[in-house]
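Student: predicted model and sequence follow; I will ask about them next.
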Amino acid sequence: MRRAVLLLLFLSPLSAAELTLEFQPRWQAEALTVPSAPVVDAAGRSLRITRFSALVSGVALLRPDGAVVRLDGQYGFIDAATGRLAATFGGVPAGDYAGIEFQFGVPPAANHADPGAWAVGHPLNPLVNGLHWGWQGGYVFLALEGRWRAADAAAAAPERGFSYHLATDARLMTLRFTVNFRVTRATTVALALDLARVLAVPRLAAGDGSETTHSGDGDDLAPRLVTAVERSVFWLEAKPGEARPAGAVAAVRPSSGAGTPLTFTVPPGFPQPALPADNPLTVEGVALGRSLFRDRRLSAGGGQSCADCHDPARAFSDSAALSRGADGRPGTRNAMPLFNLAWSPAYAWDGGKARVRDQALAAMTSPAEMHADPAAVVAALARDAGATAEFRAAFGSPEVTPERIGLALEQYLLTIVSADSRFDRARRGEAALTAEEQRGLELFAMEYDPARGRRGADCFHCHGGLLFSDYGYKDNGLDLVAADAGRAKATGRAGDAGKFKTPSLRNVAVTGPYMHDGRFATLEEVVAHYDHGVRRNANLDPNLAKHPDEGLQLGAADQAALVAFLRTLTDEKWAGN
């Protein structure tokens, strides 16, 4: 008996398999990549799909004898634009099945849970999926966005935008397939996703609400789109897959064993950030980084420190429209603020650097910025007994290297957290917004949808959530032809020309001038741009392209209310007080 039990315990892990749902976007029978080339629908309209994202949950498998295997508590996220089109679920008993069911969306308990509870890399972590509504609560279950042009429009006519966000508990989409298949150690179920069927539902006409839905009360387009999504997914095949190897995560070597560990506290409601495992925060490392941030020896001629373009009294931003380098000449971009970097997936206006240390060293050596010779910087610091003592405390030896400079700066910059504005205190019940500020918040968090009686400012699409940024790259209609390649400089893709990283709106009242080139001096100018100054270029974000040519047409009082709300996002700790 003992021998049999031991054999059972040994074999049971091997009987648990992995099941991967693999989605293949299509336009009718043809494979579709996102962002897509223009496709033509049955009405002759030309469409370009720029986004398809969805959350996957509720996987259940039907046994031939009627038993059901549920994979509750497991979630997936798919995003066509980044090629993330598969979601893998574990603990599936191997064997024969007669059907499968899953959902686009998440159950109510997960939909209304604290988004900060999800671990780094988890599909429901807002930094992973970009589908959380923020302080308003709940997820967007499925997002489908793009641009379109009417059948009778001239080829050179500006495109309009469409933006469909299916959300709220009532919009949970269920997909069922009655089909015989076998699950082995690793199995992939391939599914076709025909977006032509979904986009056949809205009539796509300007001004009648057919270009947008946010699943609000009384919106009859959202349930029709839900039904269309449920009818747009088709079974292709179940095939043997490749199991993920055990222990696939590579070991990470910490930068050193020196220093006193420093705890990083995540503010309530913020997502869990992916801090660098190879550069753990220490008291000594942060102190060294703080010193280096203010040290002018990191620049050519010793005339400039990081703090000169990232002033701590201005939430680590620059008052100059185009930040000047160590040589005194203006560059081509405005210096971005440096708070809450722990949550950013990439750095600089174009996202060209993947780590804080990379961006810090790039700024130190760039001819347009600090223009330093790394060897000269190392030599100058190595001659300073105080500096070498700080390096010893942080890294275990007095050696000064460019790598250690980058690591120390990274540690310091990651600790700059902004989460205590008057808006935050109002959320906690410790302060109150004025009537004007409250009106600004309502406009900020409301979509522009006159056909359904909503005339908001649509700010939340890019600046939603407690971080007030989706960290995406958007063209916000500054120019018909962008002088700065923007994101395309990092990716080389023409479709990214003129796109720039969404900056956080925290501390926005003290971080002007605004935009990547500092073209707007005041918040009033920024609001006016989004109200009536957007230029309809080829890469304009769909959530702006769906607005009418004449703009939002907010009144002067509403524009002032928006500015008043934005001023409540100032964290006095980083505003010179």
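Tutor: Looks like it arrived, so ask away.

Student: show the contacting residues for the residue nearest to residue 38 when sequence neighbours are not counted.
Tutor: Leaving aside its chain neighbours, residue 38 sits nearest to residue 46 (4.8 Å; criterion: CB to CB, 6 or more residues apart in numbering). Backbone N, C-alpha and C define where each C-beta goes, glycine included. Residues near residue 46 by CB atoms under 8 Å, 6 or more residues apart in numbering: 38, 39, 40, 148, 149, 151.

Student: so the first one sits against residue 47, correct?
Tutor: Yes: checked against CB atoms under 8 Å, the pair residue 38 and residue 47 is within contact range at 6.9 Å.

Student: neighbour-wise, which of those two wins?
Tutor: Remark: of residue 38 and residue 47, residue 47 carries more neighbours, 21 against 14, as counted by other CB atoms under 10 Å.

Student: doesn't that one belong to a strand?
Tutor: Yes: using DSSP: H, G, I helix; E, B strand; the rest coil, the assignment for residue 47 is a strand.

Student: okay, and the beta partners of it?
Tutor: residue 39, residue 148 (DSSP bridges).

Student: need the pLDDT of it.
Tutor: What the model reports for residue 47 is a pLDDT of 96.

Student: how close does it get to residue 203?
Tutor: 13 Å (CB to CB, to the nearest Å).

Student: over to residue 400?
Tutor: Taking CB to CB as the measure, residue 400 falls 66 Å from residue 203.

Student: between these two, who's got more neighbours?
Tutor: Relative neighbour count places residue 400 above the other of residue 400 and residue 203, with 21 against 12, counting by other CB under 10 Å.

Student: so that one sits right up against residue 391, yeah?
Tutor: Yes: between residue 400 and residue 391 there is a contact at 5.6 Å, judged by CB under 8 Å.

Student: hey, what's in contact with both of these two?
Tutor: residue 381.

Student: so is residue 333 in a helix, a strand, or just coil?
Tutor: coil.

Student: to clarify, my last question referred to residue 297.
Tutor: helix.

Student: now do residue 573
Tutor: Classified using three-state DSSP, residue 573 is helix.

Student: quick one: contacts for it?
Tutor: 418, 420.

Student: look up how far residue 372 lies from it.
Tutor: 30 Å.

Student: shaky segments in the stretch 451-577 of the chain?
Tutor: The model of the stretch 451-577 of the chain has pLDDT under 70 over residues 576-577.

Student: ah, wrong one, I meant the chain
Tutor: 1-15, 244-253, 255-257, 576-577.

Student: show me how it divides into domains.
Tutor: 15-240, 283-414, 422-574 (automatic domain parsing).

Student: residue 557: neighbour count?
Tutor: Count around residue 557 with other CB under 10 Å applied: 9.

Student: is it true that it lies in a strand?
Tutor: No: applying three-state DSSP, one finds residue 557 to be helix, outside a strand.

Student: sorry, back to before: for the domains of the chain, which one sits closest to residue 266?
Tutor: domain 15-240 (6.2 Å; CB to CB).

Student: if I look at the residue nearest to residue 38, how far off is residue 111?
Tutor: 35 Å.
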